[in-house]
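1. From the sequence below, what's the structure:
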Amino acid sequence: MSAFTSDLSVGDFALCDGLGLQPLAQVMGSSIYQVGYEANSWPTAFGGGVVFEIEVLSQAWNEVRELALGRLSKEASRVDADAVIGVDIRTGSHDFAEGAIEQIVVGTAVRHSRDRRPTIGPALTELSVADYAKLLSAGVEPLGVVAWSSVFFVMASSEMQAMGGLTGRLLFSQNQELTSYTQGLYEAREIVVGRMTEQASKLGADGVIGTRIDHGVAERTIQQRGYKQMGLMVTFHAIGTAIRDRHDTVQYPPETAIDLTT
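-> Numbering: from 1, shown residues only. Have a look, this model is predicted:
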């Protein structure tokens, strides 16, 4: 048997041994994706705050991640893994491909002991070894990583446009909330989380745990048909682990232990 590689800590590796999990290999998936051209599909109604999705950019983020996760899963299948633990998604860009995005996913492929092997695998999860073991002991089955990314343009309201004047920079004489931007961020987040939970439902999941939501915001001014529109370019990424309660699993209550050595 050849030696394995992993990104497990010493503690995680020792825990694997105690739980009957065999580390098999460090697995990886990667994709460099060229983002296509987005035609001027901006809404023509200017006035109140408006949120709309830039579909070409959203599609690029979701497809590059899907390709990377798919390749990670194939590597795990080649070593007959039951799960990939500690899946970490990293994002990058390259000078040689302007407008390109890259996603790399890495994790450790593991196999259960023979009497506990699941019927479907490998399940990808961001969970640590300890959290993965806790789920299994509670009769909860990780189904896989679910994620969604979307890029939105949040338009400034007509009042905010007026404050920007010819410079395109907002000028304030007193403290105040940018209500159209705030509402736009809420709407964008709800859209992304909703799509991620829809993805989990298709897997037959009861819920999503360990959800992380990251976002980036950049000020933008666009022009169309002689109109100038101020706003924010907002990118949201949501990711988590879909789970399902296995009702057929017997859950054992914890046992009380008394330390008599002290």
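2. In contact with the nearest residue to Ala68 once chain neighbours are set aside, which residues?
-> Of all residues not flanking Ala68 in the chain, Gly29 sits nearest, at 4.1 Å (Cβ to Cβ, 6 or more residues apart in numbering). Where you see a C-beta, it was placed from the backbone N, CA and C, and this is true even at glycine. Neighbouring residues of Gly29 by Cβ atoms under 8 Å, 6 or more residues apart in numbering: Leu67, Ala68, Leu69, Gly70, Arg71, Leu72, Ser73, Lys74, Glu75, Ile104, Val105.
3. Tell me the spacing between the fourth one and Gln199.
-> It stands for Gly70. The span separating Gly70 from Gln199 equals 14 Å under the rule Cβ to Cβ, to the nearest Å.
4. With neighbour numbers in mind, choose between these two.
-> Gln199 (20 against 12; other Cβ atoms under 10 Å).
5. I'd like to know which elements the one helix or strand the more buried one maps to is packed against.
-> Assessed by DSSP states H and E, Gln199 sits inside helix 179-202. Helix 179-202 is packed against strand 51-53, strand 140-155, strand 207-224, strand 227-245, with contacts defined by 3 or more Cβ pairs under 8 Å, 6 or more residues apart in numbering; DSSP states H and E.
6. orientation of it relative to strand 207-224 in degrees?
-> Per axes from the mean of the first three to the mean of the last three Cα atoms, to 10 degrees, the angle that helix 179-202 makes with strand 207-224 is 140 degrees.
7. Only the buried residues of helix 179-202, if you could.
-> 180-181, 183-185, 187-189, 191-193, 195-197, 199-200 (16 or more other Cβ atoms under 10 Å).
8. Where helices are concerned, which of the contacts of Gly29 count?
-> Using DSSP state H, Leu67, Ala68, Leu69, Gly70, Arg71, Leu72, Ser73, Lys74, Glu75 are the members of the contacts of Gly29 that sit in helices.
9. where does the fourth one land on pLDDT?
-> Okay, so that is Gly70. Gly70 carries a pLDDT value of 94.
10. For it, list the residues it contacts.
-> Gly70 sits next to Gly29 when contact means Cβ under 8 Å, 6+ apart.
11. correct me, but Glu75 touches Met28?
-> Yes - counting by Cβ atoms under 8 Å, Met28 is a contact partner of Glu75 at 6.6 Å.
12. Mind checking which of the two has more residues around it?
-> Neighbours were counted for Glu75 and for Met28 using other Cβ under 10 Å; Glu75 has more, 18 against 14.
13. pLDDT wise, what is the more buried one at?
-> Looking at Glu75, its pLDDT is 94.
14. From here on, call the first residue 771.
-> In the new count, where the first residue is 771, that last one comes out as Glu845.
15. any idea of the angle the helix holding Gln969 forms with strand 997-1015?
-> Using the same axes, to 10 degrees, helix 949-972 lies at 30 degrees relative to strand 997-1015.
16. show me the contacts for Asp787.
-> So Asp787 contacts nothing (Cβ under 8 Å, 6+ apart).
17. for Ser847, same thing?
-> Contacts of Ser847 by Cβ under 8 Å, 6+ apart are Pro892.
18. What strand or helix carries it?
-> Here Ser847, judged by DSSP H and E, is contained in helix 825-848.
19. chain center to that helix, what's the gap?
-> Centre-to-centre, helix 825-848 and its host chain are 11 Å apart (Cα atoms, centre = their mean, to the nearest Å).
20. In this structure Arg959 contacts Val987, no?
-> No - contact between Arg959 and Val987 fails when scored by Cβ under 8 Å: they sit 11.9 Å apart.
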